[in-house]
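K.L.:
okay, structure incoming, though there's no sequence with it:
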């Protein structure tokens, strides 16, 4: 689900930057924080995937936010149907029917241009038309209706502030904070509402007259500053929980984009790929650079002086800005990297299982031989699919793995943040025989089958896991009944929860369809439901029966199993009953079964169909057999 942060030329860049940072800190990894403009809000469909809409402050007092009538109506309907809204300063005033501006002592009442659910006047609380250091200060707020006694008094940043007149008299409105010091020399605004919570039919809104998002620079004493910021964070957690949003006190692993590491167990693959990358790069004074359609990549040999610290410091300046503009660094390893270089991906375990689980000693294995790894990145799928200049020179079988994706790509343009413990990767496959559209569609079915097969063959007793495919590309488990997570779908009265998904992007290049297969599987993360959930449930049952436990699941081992299962899935299969040699030809679109064709004379070919409930498909053994 998404949290939308409104941003356009009318909005204060500083307000957006700080708001984005604090939303990401408190709401990741449960929600994806996405900036949107008026055009995006005009489109249909965003409402069903959005848990919160935030409109921050404008650039100055007279530069009011103005959205067209269609967007205003969509926002109001979103709220009335159960949506949630946070307005900050101008974003709060935008929700009011009437506004009162006091400029240089003169009061002006104006009708709001917004979606207007607040029935009375909101009043601007500064005497300057533009934001400047003169009207930027800390202000004392007395909190109301907050259960935590340590949060009775808070300091907030204030410049183009707002107060809510008669807010305590509104129906379905609760005052959460009041001003406790004079705002102007001639003002009598003490004890007026500064923060309010409103209910709009099924929806809710919190309106801030002050700035909860801004950092304060007025305090020279670092201890005082840290105390103020910590109290503000705790208060905002209460606000989000009041809106029924899940929060965390821990940030995502990194908010910066990290280096990319290119390595392999096979030196010849690294040499060939490195040469291809340098061939499309441009020489600069610093490093070879590849300027692609969507991103820019610098190439770095690991034998040179490490620039990791320099890169991190450089990238930190881009925090909350457009991720596409941040240059990415590809570190090329002619030999395997040191463990400390990539502490969150055990490549030794990965390559060990990749080689061990291959069923033949032939040299035509390709999938997973070359790894591109990033600790924190935007989206492995986007970085490959949107940069064709790079994609064209990368070999079939390259697997792009990420520990944390902060702008993961899903179906229907959904964006998500992968929680720590998720196996997220993209795989490159190119084949001439996949040039037909029907064959390309068939690939996603095979990937779904391969993932389930790899899980069930992961280790001893894993075949007991109750895991399912929701055609064509969702991996699901049965709802245990004791979790609080809502089922993804219900079938025959049984709830199923999605733990994985598949997305395939295709590009037609040089008479070949080049596919980027993206997968995300919840493995060991605490939230949402993961594979570890059903493993733990099954182990509890086995303890009661005094049976051996399922071994712990490792992401690197499972990734290796998925690669080798995919390699085996197009092999020749022997039917155990008839001993016919067949090859899988497709999926029956009506019944969802496998279609297989015998090998040999075209005129004597036989076609078999194997329904999911009637056949066992073991790609690791090359057998299809009927269930007894």
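P.N.:
Received it, and whenever you're ready, just let me know what you need. Everything numeric in this text was worked out from a predicted model, so none of it was measured.
K.L.:
scan this protein for its longest strand.
P.N.:
Ranked by residue count and defined by DSSP state E, the top strand of the chain is strand 494-509.
K.L.:
strands of the stretch 251-400 of the chain, start to end?
P.N.:
260-264, 289-291, 296-301, 328-332, 370-377, 399-405 (DSSP state E, counting those that start in this stretch).
K.L.:
can you redo those strands as TSV with mean pLDDT and distance to residue 538?
P.N.:
Where C-beta positions appear, they are placed from N, C-alpha and C, glycine not excepted. What follows is those, written out as TSV (pLDDT from 0 to 100; distance: least, C-beta to C-beta, whole Å):
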stretch	mean pLDDT	distance to residue 538
strand 260-264	97	35
strand 289-291	94	47
strand 296-301	92	43
strand 328-332	94	40
strand 370-377	93	31
strand 399-405	92	26
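K.L.:
need the winner for burial among the ones you listed.
P.N.:
strand 399-405 (a mean of 26; mean count of other C-beta atoms under 10 Å).
K.L.:
between strand 260-264 and that one, find me the angle.
P.N.:
150 degrees (axes from the mean of the first three to the mean of the last three C-alpha atoms, to 10 degrees).
K.L.:
so which elements touch strand 399-405?
P.N.:
strand 370-377, helix 380-385, strand 422-431, helix 555-568 (3 or more C-beta pairs under 8 Å, 6 or more residues apart in numbering; DSSP states H and E).
K.L.:
could you report the neighbour count for residue 270?
P.N.:
Around residue 270 there are 20 other residues, counting by other C-beta atoms under 10 Å.
K.L.:
what lines up beside the longest strand of the chain in the sheet?
P.N.:
Applying DSSP bridges, strand 494-509 is found paired with strand 474-478 (antiparallel), strand 489-491 (antiparallel), strand 512-522 (antiparallel).
K.L.:
winner for burial among the helices and strands packed on strand 399-405?
P.N.:
helix 380-385 (a mean of 25).
K.L.:
residues making contact with it?
P.N.:
Residues outside helix 380-385 that contact it (C-beta atoms under 8 Å, 6 or more residues apart in numbering) are 294-295, 328, 374, 377, 390-391, 394, 400-402, 405, 407-409, 424-426, 428, 503, 505, 507, 516, 518.
K.L.:
ok, now stretch 269-286?
P.N.:
262-264, 288-291, 298-299, 330, 332-334, 369-370, 389-390, 393-395, 398.
K.L.:
so residue 295 makes contact with residue 328?
P.N.:
Yes - the pair residue 295 / residue 328 is scored as a contact, 5.8 Å apart, by C-beta atoms under 8 Å.
K.L.:
look up phi and psi at residue 56.
P.N.:
The phi and psi values for residue 56, taken as degrees, to the nearest 10, are phi -90, psi -160.
K.L.:
please report how far it lies from residue 300.
P.N.:
37 Å (C-beta to C-beta, to the nearest Å).
K.L.:
repeat for residue 513
P.N.:
32 Å.
K.L.:
before we move on, the earlier item: of the strands paired with strand 494-509, which is nearest residue 43?
P.N.:
strand 512-522 (23.3 Å; C-beta to C-beta).
K.L.:
what about the helices in this protein?
P.N.:
Along the chain, the stretches classed as helices by DSSP state H are 13-27, 38-42, 69-80, 90-93, 222-242, 267-279, 308-316, 347-356, 380-385, 388-391, 437-456, 531-544, 555-568.
K.L.:
elements contacting the last one?
P.N.:
Read it as helix 555-568. helix 347-356, strand 399-405, strand 422-431, helix 437-456.
K.L.:
helices or strands up against the last one?
P.N.:
Okay, so that is helix 437-456. So helix 437-456, by 3+ C-beta pairs under 8 Å, 6+ apart, packs with strand 467-470, strand 474-478, strand 494-509, strand 512-522, helix 555-568, strand 581-587, strand 615-618.
K.L.:
adding distance to residue 81 and mean pLDDT, write those out as a markdown table.
P.N.:
Shown next, in a markdown table, are those (distance: least, C-beta to C-beta, whole Å; pLDDT from 0 to 100):
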| stretch | distance to residue 81 | mean pLDDT |
| --- | --- | --- |
| strand 467-470 | 27 | 87 |
| strand 474-478 | 26 | 89 |
| strand 494-509 | 24 | 89 |
| strand 512-522 | 29 | 91 |
| helix 555-568 | 39 | 92 |
| strand 581-587 | 38 | 67 |
| strand 615-618 | 44 | 44 |
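K.L.:
okay, those in JSON lines with distance to residue 178 next?
P.N.:
Below are those laid out as JSON lines (distance: least, C-beta to C-beta, whole Å):
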{"stretch": "strand 467-470", "distance to residue 178": "51"}
{"stretch": "strand 474-478", "distance to residue 178": "49"}
{"stretch": "strand 494-509", "distance to residue 178": "44"}
{"stretch": "strand 512-522", "distance to residue 178": "44"}
{"stretch": "helix 555-568", "distance to residue 178": "50"}
{"stretch": "strand 581-587", "distance to residue 178": "63"}
{"stretch": "strand 615-618", "distance to residue 178": "67"}
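K.L.:
nearest to residue 78, of those?
P.N.:
It's strand 494-509; of the helices and strands packed on helix 437-456, that one is closest to residue 78 (C-beta to C-beta) at 24.3 Å.
K.L.:
what sits against residue 37?
P.N.:
Here residue 37 is in contact with 6-8 (C-beta under 8 Å, 6+ apart).
K.L.:
any idea of the pLDDT on it?
P.N.:
You'll see residue 37 listed with a pLDDT of 88.
K.L.:
could you do residue 183 as well?
P.N.:
For residue 183, the predicted pLDDT is 50.
K.L.:
neighbours of the closest residue to residue 57 other than its chain neighbours, how many?
P.N.:
Among residues not flanking residue 57 along the chain, residue 89 sits closest, at 3.9 Å (C-beta to C-beta, 6 or more residues apart in numbering). Residue 89 has 30 neighbours, counted by other C-beta under 10 Å.
K.L.:
I figured residue 89 hits residue 212, correct?
P.N.:
No - contact between residue 89 and residue 212 fails when scored by C-beta under 8 Å: they sit 10.1 Å apart.
K.L.:
distance of the closest residue to residue 598 other than its chain neighbours relative to residue 578?
P.N.:
In this structure, residue 598 finds its nearest non-sequential neighbour in residue 606, 4.5 Å apart by C-beta to C-beta, 6+ apart. To residue 578, residue 606 is 9 Å away according to C-beta to C-beta.
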